[in-house]
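[1] show me the folded form of this:
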Amino acid sequence: MYNSCLLTGVFSKQWKRARLVLLDKGKGEPNLPSSWRPLCMLDTAGKGYEKLLQLRLVPAVEEAGDLSARQYGFRKGRSTVDALLDVVTSLKRTQEGSRYTRNVAILVTLDVKNAFNSARWSDILEALEGTFHVPPYLLRVMGNYLKDRNLVYETAQGQRVKEITAGAAQGSILGPQLWNVAYDGVLRLEMPTDCFLVGYADDVAAVIQARTIELAQVKLDVIMRRITRWMDEHGLTLATSKTEVVLFTRKRIPTIIPIQVGGTEVWTKPAAKYLGIMLDTKITFWEQIKQATDRASQRTTALSRLMGNINGPRPCKRRLLMTVVHSILLYGAEVWADALNIAYYRKRMIAVQRRGALRIACAYRTVSEPAILVLARVIPIQLLAAERKRMYERRTEGPRTAIAKEERERTVTAWQEMWTREVRGRWTARLVPDVQTWLQREHGEVNYFTTQFLSGHGLFYAYLHRIGKVTTPSCLSCDGVADDALHTFFECSQWGQDRNALQQALNRTSADLTPEIVMSHMLSSQADWTAVSEYVEVVLTKKMVMERVRQRAEQGGQRREE
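    Next up, the predicted model:
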């Protein structure tokens with residue numbers, strides 16, 4: 001069937017009929033068309049044919065000289081990271097040299113109104129034939145593909161059908177390639193010296209470098225005239241209200257100034273978002289880190305309400321919370337990872353990561369950041385960011401899985417060095433000295449009770465006294481002995497019978513039942529992990545009951561005194 005369509009240059013009419021589905025963008029007023037993203041639901045057989053055409057169209061375009069080198073959208077082996085690094089690398093050149101020789105740079109982000117739906121079919125076909133010289137048979141099929149298309153949509157009065165006469169359908173297979181073909185011309189416009197355009201799909205950024213702001217303004221005027229002329233010739237319109245401008249410089253001059261952009265005065269901003277990353281005037285990425293941590297913190301708060309410490313989801317499901325947090329925090333880390341070398345930036349990110357780790361391990365909020373990250377098996381954010389950057393830098397060296405394994409080993413080694421040098425969480429470090437072994441175990445989950453044992457933060461009088469909850473740090477059963485995790489689980493006579501049961505389960509004597517030996521048993525098998533976990537839960541549950549009795553007795557005594 002597909003071969004017959006290809007030979008005759010036909011794209012079946014039934015495959016051209018699209019059903020409209022609107023997706024809420026999550027921003028803007030619901031009654032505005034711009035607040036919704038239109039998707040075209042197409043026939044599956046037709047999309048299969050589109051895929052076959054795509055496999056022919058892309059090589060044909062490449063053989064003719066390919067798309068602009070600075071179009072990064074919808075192209076194999078290219079990503080938003082490539083586009084961002086292209087821009088950031090250029091902007092960082094403004095930091096080179098002395099204060100007297102440094103250039104200034106201007107970044108202008110441009111938005112095209114209703115871009116994908118406005119691409120003229122005649123422009124697409126003209127580019128395919130005149131610029132990329134695609135084979136006649138393919139041009140014939142594409143000509144048939146871009147005609148007699150219909151859109152079906154629902155209204156309050158019933159189903160309606162509208163004829164489509166332009167646009168690269170969002171939801172189609174060929175749509176992205178056809179958009180790139182039509183939009184390629186704007187990226188090939190001649191630019192002034194030290195200026196260029198970068199594209200990712202319909203997002204375009206203009207980067208202008210000059211010795212002075214005045215010269216940069218002159219160059220920007222030239223660029224905007226050329227872009228506007230090209231847009232007018234191809235039936236596209238810039239959304240000037242969405243244009244953002246940032247002035248990048250290390251010179252001691254104002255960075256918030258008015259700039260003329262296509263005849264409209266636009267005030268420069270301290271930072272602008274390009275492809276999801278905030279770029280600030282000094283390229284410190286502080287605005288990016290601040291916004292990312294704010295968003296991740298909101299998600300953490302919302303999801304944490306669903307995760308009680310007792311009778312909540314299992315840790316394996318709680319880890320989904322950290323997946324959400326990391327997806328927000330680490331977006332674009334390949335570009336800004338080095339910013340986390342600044343302690344203040346790093347601490348802001350770790351604070352959010354720590355909150356998520358506390359929920360995974362069902363821990364008291366007083367557990368230190370190094371300890372809770374180890375217990376929750378969450379790699380510190382600065383190490384994850386650095387790993388992503390290294391992975392990107394090595395993307396062409398060989399199989400991704402092998403490189404990923406090497407880089408994860410390097411990351412864990414760095415984490416181990418940090419954990420060994422750390423002065424906080426030393427009880428946890430005594431139990432879990434080797435991060436690698438703890439990470440690679442294939443059994444055992446921490447919970448509200450085991451985390452108290454592993455962290456030392458819980459129903460222990462030494463801990464409760466330290467945070468001001470009780471008046472004495474001593475064990476109620478053993479006079480003068482501090483009631484910490486070591487004493488509770490390994491020394492206190494109150495729990496001798498329960499401890500004997502654990503010794504029998506582990507085939508140990510009281511003399512060799514040490515914290516280190518208990519942990520080695522926990523890591524050796526699921527059965528031993530379960531035995532220790534049950535012992536810990538039994539002891540802490542009994543302590544909870546005793547503490548409630550003690551508190552009620554104190555409250556009763558206070559009422560009698562009153």
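[2] who are the packing partners of the longest helix seen in the chain?
    Scanning the chain for the longest helix, with DSSP state H as the assignment, gives helix 526-561. Packed against helix 526-561 by the contact rule (3 or more CB pairs under 8 Å, 6 or more residues apart in numbering; DSSP states H and E) you find helix 448-455, helix 485-490, helix 496-506, helix 515-524. The way it works is simple: take the backbone N, C-alpha and C, and place the C-beta from them, glycine included.
[3] so which of these is the most surrounded?
    The highest mean neighbour count among the helices and strands packed on helix 526-561, using mean count of other CB atoms under 10 Å, belongs to helix 448-455: a mean of 25.
[4] got the angle between it and helix 526-561?
    Interaxial angle of helix 448-455 relative to helix 526-561 (axes from the mean of the first three to the mean of the last three CA atoms, to 10 degrees): 100 degrees.
[5] ok, residues contacting helix 448-455?
    By CB atoms under 8 Å, 6 or more residues apart in numbering, the list of residues contacting helix 448-455 from outside reads 309-310, 361-364, 367, 371-372, 375, 425, 427-428, 431-432, 446, 458-460, 485, 489, 532-533, 536-537, 540-541.
[6] next, the angle from it to helix 515-524.
    With the same axes, to 10 degrees as the basis, helix 448-455 and helix 515-524 are set at 130 degrees to each other.
[7] what's in contact with the helix or strand following helix 448-455?
    Next helix or strand after helix 448-455 toward the C-terminus (DSSP states H and E): helix 461-466. Residues outside helix 461-466 that contact it (CB under 8 Å, 6+ apart): 456-457, 470-476, 482-484, 487.
[8] of those, just say which sits nearest to Ala357.
    His457 (13.3 Å; CB to CB).
[9] what's near enough to touch the closest one?
    Applying CB under 8 Å, 6+ apart, the residues contacting His457 are Ala363, Tyr364, Thr366, Val367, Tyr463.
[10] what sits against Arg377?
    Arg377 makes contacts with Trp438, Leu439, as judged by CB under 8 Å, 6+ apart.
[11] for it, phi and psi?
    The phi/psi pair for Arg377 (degrees, to the nearest 10) reads phi 60, psi 50.
[12] kindly report the same for Gly65.
    phi 120, psi -10.
[13] what's the distance between the closest residue to it other than its chain neighbours and Val198?
    Nearest residue to Gly65 in three dimensions, chain neighbours excluded: Phe132, at 7.5 Å (CB to CB, 6 or more residues apart in numbering). Distance, Phe132 to Val198, using CB to CB, to the nearest Å: 21 Å.
[14] more neighbours: which of the two?
    Ranked by neighbour count (other CB atoms under 10 Å), Phe132 and Val198 place Val198 first, with 25 against 19.
[15] and the contacts of helix 461-466, which of them are buried?
    Neighbour counting by 16 or more other CB atoms under 10 Å classes Gly456, His457, Val470, Pro473, Ser474, Cys475, Ala482, Asp483, Asp484, His487 among the contacts of helix 461-466 as buried.
[16] wait, the first one touches Ala485, no?
    This means Gly456. Yes: if you go by CB atoms under 8 Å, Gly456 and Ala485 touch, sitting 4.4 Å apart.
[17] how about the helices in the stretch 301-450 of the chain?
    All helices of the stretch 301-450 of the chain, identified by DSSP state H, counting those that start in this stretch, fall at 315-329, 333-336, 343-361, 369-375, 381-393, 400-421, 426-431, 435-440, 448-455.
[18] got the ones you listed as a markdown table, with mean pLDDT columns?
    Shown next, in a markdown table, are the helices of the stretch 301-450 of the chain (pLDDT from 0 to 100):
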| stretch | mean pLDDT |
| --- | --- |
| helix 315-329 | 86 |
| helix 333-336 | 97 |
| helix 343-361 | 94 |
| helix 369-375 | 97 |
| helix 381-393 | 97 |
| helix 400-421 | 96 |
| helix 426-431 | 97 |
| helix 435-440 | 96 |
| helix 448-455 | 96 |
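[19] among the ones you listed, which is nearest Ser68?
    Nearest of the helices of the stretch 301-450 of the chain (CB to CB): helix 333-336, 21.2 Å.
[20] give me the contact list for the closest one.
    Contacts with helix 333-336, where a contact means CB under 8 Å, 6+ apart, come from 81, 84-85, 88, 277, 285, 288-289, 384-385, 388-389, 391-392.
[21] kindly report the same for stretch 508-519.
    Stretch 508-519 is contacted from outside by 430-432, 486, 489-490, 499-500, 502-503, 506, 521, 532, using CB under 8 Å, 6+ apart.
[22] on the three-state scheme, Ala18 is what?
    With DSSP: H, G, I helix; E, B strand; the rest coil as the basis, Ala18 sits in strand.
[23] doesn't Arg149 make contact with it?
    Yes: at 7.1 Å, Ala18 counts as touching Arg149 under the criterion of CB under 8 Å.
[24] list residues touching both of the two?
    Ile164, Ala169.
[25] still on that earlier bit, what comes up buried for the longest helix of the chain?
    Buried-residue list, helix 526-561, by 16+ other CB under 10 Å: 528-529, 531-537, 539-540, 543, 547.
[26] and those residues, which is closest to Thr101?
    Distances from Thr101 to these, taken by CB to CB, are shortest for Trp529, at 63.9 Å.
[27] give me the local confidence score for the nearest residue to the closest one once chain neighbours are set aside.
    In this structure, Trp529 finds its nearest non-sequential neighbour in Gly444, 4.0 Å apart by CB to CB, 6+ apart. Gly444 carries a pLDDT value of 91.
[28] so who does Gly444 touch?
    Applying CB under 8 Å, 6+ apart, we find Gly444 in contact with Met522, Leu523, Gln526, Trp529, Ser533.
[29] just the angle between the longest helix of the chain and helix 496-506, please?
    170 degrees.
[30] neighbours of the nearest residue to Glu369 once chain neighbours are set aside, how many?
    Nearest non-adjacent residue to Glu369, counting by CB to CB, 6+ apart: Arg354, 4.7 Å away. Using other CB under 10 Å, Arg354 has 24 neighbouring residues.
[31] separation between Arg354 and Thr255?
    Separation of Arg354 from Thr255 (CB to CB): 34 Å.
[32] over to Val412?
    From Val412 over to Thr255 the distance is 41 Å, taken as CB to CB.
[33] got CSV for the helices and strands packed on helix 526-561, with distance to Gln159 too?
    CSV is the format used below for the helices and strands packed on helix 526-561 (distance: least, CB to CB, whole Å):
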stretch, distance to Gln159
helix 448-455, 55
helix 485-490, 68
helix 496-506, 68
helix 515-524, 63
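[34] so which of these is nearest Gly77?
    Closest to Gly77 of the helices and strands packed on helix 526-561 is helix 515-524 (CB to CB; 41.9 Å).
[35] got the buried residues for stretch 115-124?
    Buried residues in stretch 115-124, counting neighbours by 16+ other CB under 10 Å, are found at Ala115, Phe116, Ser118, Ala119, Arg120, Trp121, Asp123, Ile124.
[36] could you dump that stretch to PDB, C-alpha only?
    The C-alpha coordinates for stretch 115-124 follow below in PDB (Å, rounded to 0.1, in the frame of the first residue of the first chain):
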ATOM      1  CA  ALA A 115       4.300  29.800  14.500                       C
ATOM      2  CA  PHE A 116       3.600  26.200  13.500                       C
ATOM      3  CA  ASN A 117       0.100  26.900  12.400                       C
ATOM      4  CA  SER A 118       1.200  29.900  10.200                       C
ATOM      5  CA  ALA A 119       3.900  28.300   8.000                       C
ATOM      6  CA  ARG A 120       2.700  28.700   4.400                       C
ATOM      7  CA  TRP A 121       2.600  25.500   2.400                       C
ATOM      8  CA  SER A 122       3.900  27.300  -0.700                       C
ATOM      9  CA  ASP A 123       7.000  28.400   1.300                       C
ATOM     10  CA  ILE A 124       7.600  24.800   2.400                       C
END
